[in-house]
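K.L.:
need a 3D model of the following:
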Amino acid sequence: MLNVPTLWTVFVVNFLAVGLIWAYVAYTYPKLEAARFWAGSSVLGALGALLAMLVLAFPATRWPLFAGAALLVFAASLAAMGIERFYEKPASWRRTFLITGTTCAGLVFFIVAYDSMAMRVLIYSAGQTLTLAPTLKLLFSKQDGRANPGARLAGTVASLIIALFAIRAIGNLVGIDFSFTHSSTAQGALTLALIFLSMSFNFGFLLMAIDHLRNEVADLALLDDLTGVGNRRQLVQRLTEECARSERSGEPFALLVIDLDAFKTINDTYGHATGDACLQHFTLMAQTRLRPGDLLARTGGDEFCIVLPSSTLREGIMIARRVLDVCRQDAEACVGNDIPIAVSIGVAQWTREVGAFPDRLMAAADHALYAAKKEGKNCCAAYDPVPPLAPATEPAAAPTPALRKRA
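P.N.:
Numbers count the residues shown, from 1 in each chain. Model prediction:
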């Protein structure tokens with residue numbers, strides 16, 4: 001037998017446990033703001049169900065049922081606000097209080113002015129639907145080109161919950177007994193389904209949180225701790241992607257290899273803390289001269305790389321000169337204890353000979369960097385794979401790459 005009071009007791013116990021879990025998640029991961037809303041939603045949902053159950057002990061009054069329904073609608077609103085915060089959207093307290101207040105007013109009217117259980121169920125179901133329906137677009141949307149499996153689960157479950165509320169509201173209007181105070185088979189089956197779906201809803205939230213935290217860890221694995229730009233792993237990953245894309249399309253891209261001049265002297269003279277500050281300052285300056293989509297990565301020590309998608313060698317040289325100019329301007333503005341920063345840059349462009357092997361492109365850019373260092377540093381040099389023309393009076397020599405466009 002599906003005993004309704006027993007089922008609601010299970011609901012209360014389960015949601016108190018879920019609320020405790022979300023409270024722990026919120027405490028452990030304070031940046032996951034959505035967890036606080038989901039913790040509050042679970043706890044208030046359990047309290048709402050507990051209040052509603054008091055009507056079974058005091059059948060002469062409907063006010064525990066009213067208070068429980070109001071808390072359950074507010075709990076659903078908190079769950080919806082948690083979804084909004086998860087997707088970094090503003091959570092609307094105004095909408096929450098408007099829906100909860102309107103639902104309460106409707107319940108009071110159909111308790112005091114006109115006692116109608118069917119209309120109370122309709123008002124309550126409408127309040128829950130208005131709370132959950134706006135979140136479906138977010139849950140089924142793709143973020144950064146990918147769908148979140150947990151969000152898809154939560155969206156599917158939310159749709160089923162809305163459908164069950166519609167069935168309950170319509171059923172009461174046409175005479176099917178879905179009354180909370182009656183332990184009918186229909187109400188027992190619906191309550192059991194709602195308990196299952198509500199738990200699944202929270203399980204979807206948990207999968208969303210796990211996916212979010214996993215992505216954060218993955219991002220941290222691709223970032224340099226000191227400067228906050230990409231690290232060598234991210235550079236290799238990006239170069240591999242760009243090489244594969246260029247091999248398919250034939251469109252070139254450029255790579256800049258950058259080395260801070262006399263950086264060892266800075267470390268030895270002023271200390272490693274000052275050296276770290278110089279690295280951070282350089283990344284800030286360089287990023288002001290890059291375009292959206294360009295990648296700046298620190299490959300180790302005082303070495304950096306810049307990936308320039310869909311760029312030719314000439315465009316790479318232009319970006320290199322911009323970086324040089326901002327460093328030179330900053331060095332000219334140095335006074336007192338300020339330490340001027342100078343850099344040498346090697347520029348190379350992807351070609352068919354590079355193919356899908358990013359190490360070949362890095363070797364070419366390194367070759368150009370060494371040439372810039374030999375030229376006296378604080379300049380750039382480009383790697384030109386086109387061999388110089390052999391004199392007409394001599395036999396053609398083996399093709400050798402040339403270095404050009406020094407600045």
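K.L.:
rest of the way, CA atoms for contacts and neighbours
P.N.:
OK.
K.L.:
spatially central residue in the protein, please.
P.N.:
H212 (6.4 Å; C-alpha atoms, centre = their mean).
K.L.:
please work out the average pLDDT along the one helix or strand it maps to.
P.N.:
Under the criterion of DSSP states H and E, H212 resides in helix 185-221. Across helix 185-221, pLDDT averages out at 86.
K.L.:
may I see the buried residues of that helix?
P.N.:
186-192, 194-195, 197-209, 211 (16 or more other C-alpha atoms under 10 Å).
K.L.:
where do the strands sit along the protein?
P.N.:
For the chain, the strands defined by DSSP state E occupy 254-260, 295-300, 303-308, 343-349, 380-384, 402-404.
K.L.:
phi, psi of A356?
P.N.:
Reported as degrees, to the nearest 10, the phi and psi values for A356 are phi -100, psi 20.
K.L.:
distance check, it against G250.
P.N.:
12 Å (C-alpha to C-alpha, to the nearest Å).
K.L.:
then A79?
P.N.:
In terms of C-alpha to C-alpha, A79 sits 49 Å off from G250.
K.L.:
for the two, indicate the residue with more neighbours.
P.N.:
Applying other C-alpha atoms under 10 Å to A79 and G250 shows that A79 carries more neighbours, namely 28 against 14.
K.L.:
wait, doesn't that one sit right on R36?
P.N.:
No. A79 is not in contact with R36 according to C-alpha atoms under 8 Å; the separation is 9.6 Å.
K.L.:
just checking, L44 touches L72?
P.N.:
Yes. At 6.9 Å, L44 and L72 qualify as touching, with contact defined as C-alpha under 8 Å.
K.L.:
compare these two (neighbour count), which wins?
P.N.:
L72 (27 against 24).
K.L.:
residue contacts, that one?
P.N.:
44-45, 48-49 (C-alpha atoms under 8 Å, 6 or more residues apart in numbering).
K.L.:
lowest pLDDT pick from these?
P.N.:
Scoring the contacts of L72 by pLDDT puts A49 last, at 89.
K.L.:
does it touch V12 like I think?
P.N.:
Yes. Counting by C-alpha under 8 Å, A49 touches V12, with 6.3 Å between them.
K.L.:
quickly note the distance from the nearest residue to L65 once chain neighbours are set aside to L173.
P.N.:
Leaving out its chain neighbours, the residue that sits closest to L65 by C-alpha to C-alpha, 6 or more residues apart in numbering is A52, at 4.4 Å. Computed as C-alpha to C-alpha, the A52 to L173 distance reads 21 Å.
K.L.:
between the two, point out the one with more neighbours.
P.N.:
A52 (25 against 16).
K.L.:
okay, the more buried one: pLDDT?
P.N.:
84.
K.L.:
doesn't A70 make contact with it?
P.N.:
No. Using C-alpha under 8 Å, A52 is not in contact with A70, being 9.7 Å away.
K.L.:
related to what we said a few turns ago, for R321, which of the strands of the chain is the nearest?
P.N.:
Smallest distance to R321 across the strands of the chain (C-alpha to C-alpha): 7.3 Å, for strand 380-384.
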